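In: Got a predicted structure plus its sequence, pasted below:
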Amino acid sequence: MSAEPVTAPIYYYVDHTSRFEHNSGIQRCVRALARALLELGQPLVPVVWDRQRQCLAPASAQALAHLARWSGPAAQAWSPWPDAPAGPRPNWLVIVELVSGPHNPSRNQLLAAARPLNLQLAWLFHDAIPLRQAQLYGAAASQAAQCHAAYMANLASYRLVFCNSQTSRGQLLAFLQEQGIAAAPELEQRIRPLPLAEDFGGERPPAPTANDGPLELLCVSTLEPRKNHRGLLKALGWLHSQGRHHWRLQLVGWAAEGWVVALVERAQRLGLPVHWHGRADDAALARLYRQADLCVYPSLEEGFGLPVAESLWQRRPCLCSGEGALGERAAAGGCLTVDTSDWRAIAAGLERLLLEPELRQRLVQDTEARCFRRWQNVAAELLEDLACAP
């Protein structure tokens with residue numbers, strides 16, 4: 001597929017991703033979208049926030065080397081920082097990261113920093129989760145929710161906001177309406193859906209084959225409350241207590257919350273066949289997918305649901321929620337949807353998958369019938385909207 005590159009280089013915000021030592025959902029989006037834009041011939045200037053001088057600045061060579069990890073763009077693929085803004089028409093600064101909270105620039109700081117570079121801002125909005133799921137995060141959640149609410153309210157003032165799913169767009173528009181901002185001119189035209197991709201590069205692996213060993217389960221998810229490892233481990237513990245032992249779980253994800261790690265370690269001490277990989281590079285993750293029979297993603301809420309999309313791309317059926325953005329991912333087939341807020345429903349779904357090989361096979365066949373949206377589709381739509389913006 002093709003799209004005409006925007007005439008001038010796009011400034012591309014990589015501040016957190018260029019420093020963060022993990023490759024979580026937003027970081028995957030930053031890398032994958034940048035790579036797709038570059039492959040379409042769109043020049044990108046990598047931008048970070050200089051906290052000392054309170055301004056936008058070019059990313060360092062070290063930052064670009066870090067961005068190249070996890071299948072990110074090659075360090076040499078980026079464009080250098082221009083000597084001066086090109087022409088009277090503003091250039092774009094595209095922000096895929098979440099820029100919220102006291103350690104990030106404020107709206108006014110960003111606008112002030114963009115002005116001398118003749119930049120206008122376009123954002124990718126991921127989710128309203130810090131507001132909607134604040135009850136999961138204890139004392140620190142109140143401040144995070146307030147910061148996120150301010151961030152969401154500010155999005156109404158920008159020229160373009162792209163939302164990563166229909167669900168996230170609906171939640172943003174509903175929030176703005178509640179804040180009395182819905183009357184802003186052409187708000188719904190400026191806040192647009194831009195669903196993320198469901199392909200993960202390279203060739204899709206072969207479908208899982210029947211074997212006499214334990215059913216291999218894979219869960220790829222940061223260890224934090226919303227991802228609902230508690231519900232998954234309770235469900236698996238119950239199955240184990242009922243004599244359903246013919247399974248093995250591989251967990252992949254970094255430890256964002258200590259008590260979730262403690263739950264995993266307790267499950268291991270109780271004898272559950274649970275193996276935790278704190279981090280995995282691209283090769284290790286691909287190997288775990290090839291070894292898996294199916295994936296389990298018990299998250300309570302997502303803005304998009306990249307792990308579900310990746311599971312289906314890897315030809316592995318997935319047990320997940322059927323609500324919100326996860327329901328959007330599941331709708332085209334390959335998923336067994338359950339109420340992930342109820343561990344008993346997770347247990348019942350897993351029991352079906354353990355005992356019904358014909359169900360697993362049907363779900364595998366459903367993954368074959370899916371059409372997968374590509375990152376170049378996302379990049380092309382983004383460029384078209386940027387080029388046509390008034």
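Out: Good, I have the coordinates. Numbering: from 1, shown residues only.
In: pLDDT weak spots in the stretch 151-300 of the chain?
Out: Applying pLDDT under 70 to the stretch 151-300 of the chain picks out residues 183-185.
In: Break down it into its strands, ranges please.
Out: In the stretch 151-300 of the chain, the strands defined using DSSP state E, counting those that start in this stretch lie at 160-163, 191-193, 215-220, 247-252, 274-277, 294-297.
In: Would you mind finding the most buried of those?
Out: Stretch with highest mean neighbour count among the strands of the stretch 151-300 of the chain: strand 294-297 (a mean of 26; mean count of other Cβ atoms under 10 Å). Heads up, the C-betas are built off the backbone N, CA and C, glycines and all.
In: next structured bit after that strand?
Out: Later in the chain than strand 294-297, the nearest helix or strand by DSSP states H and E is helix 306-313.
In: Extract the C-alpha trace of the next helix or strand after that next one and format it as CSV.
Out: Using DSSP H and E, the helix or strand that follows helix 306-313 in sequence is strand 318-321. C-alpha atoms of strand 318-321 as CSV (Å, rounded to 0.1, in the frame of the first residue of the first chain):
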residue,chain,number,x,y,z
CYS,A,318,-7.0,-16.5,22.8
LEU,A,319,-9.3,-16.4,25.9
CYS,A,320,-10.1,-12.8,26.7
SER,A,321,-12.9,-10.3,27.5
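In: contact partners of the helix or strand following strand 318-321?
Out: Next along the chain after strand 318-321, taking DSSP H and E as the criterion, comes helix 324-330. With contact meaning Cβ atoms under 8 Å, 6 or more residues apart in numbering, helix 324-330 is reached by 127, 164-168, 195, 198, 297, 299, 301-305, 308-309, 312, 318, 320-322, 335, 337.
In: Just give me how far helix 324-330 sits from the chain centre.
Out: 13 Å (Cα atoms, centre = their mean, to the nearest Å).
In: quick revisit: which among the contacts of helix 324-330 end up buried?
Out: The neighbour count (16 or more other Cβ atoms under 10 Å) marks 127, 164-165, 167-168, 195, 198, 297, 299, 301-305, 308-309, 312, 318, 320-322, 335, 337 as buried among those.
In: Would you reformat the strands of the stretch 151-300 of the chain as JSON lines and include distance to residue 116?
Out: Below are the strands of the stretch 151-300 of the chain laid out as JSON lines (distance: least, Cβ to Cβ, whole Å):
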{"stretch": "strand 160-163", "distance to residue 116": "21"}
{"stretch": "strand 191-193", "distance to residue 116": "27"}
{"stretch": "strand 215-220", "distance to residue 116": "42"}
{"stretch": "strand 247-252", "distance to residue 116": "43"}
{"stretch": "strand 274-277", "distance to residue 116": "46"}
{"stretch": "strand 294-297", "distance to residue 116": "44"}
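In: Which one, of these, ends up nearest to residue 262?
Out: Minimum separation from residue 262 across the strands of the stretch 151-300 of the chain (Cβ to Cβ) falls at strand 274-277, 11.7 Å.
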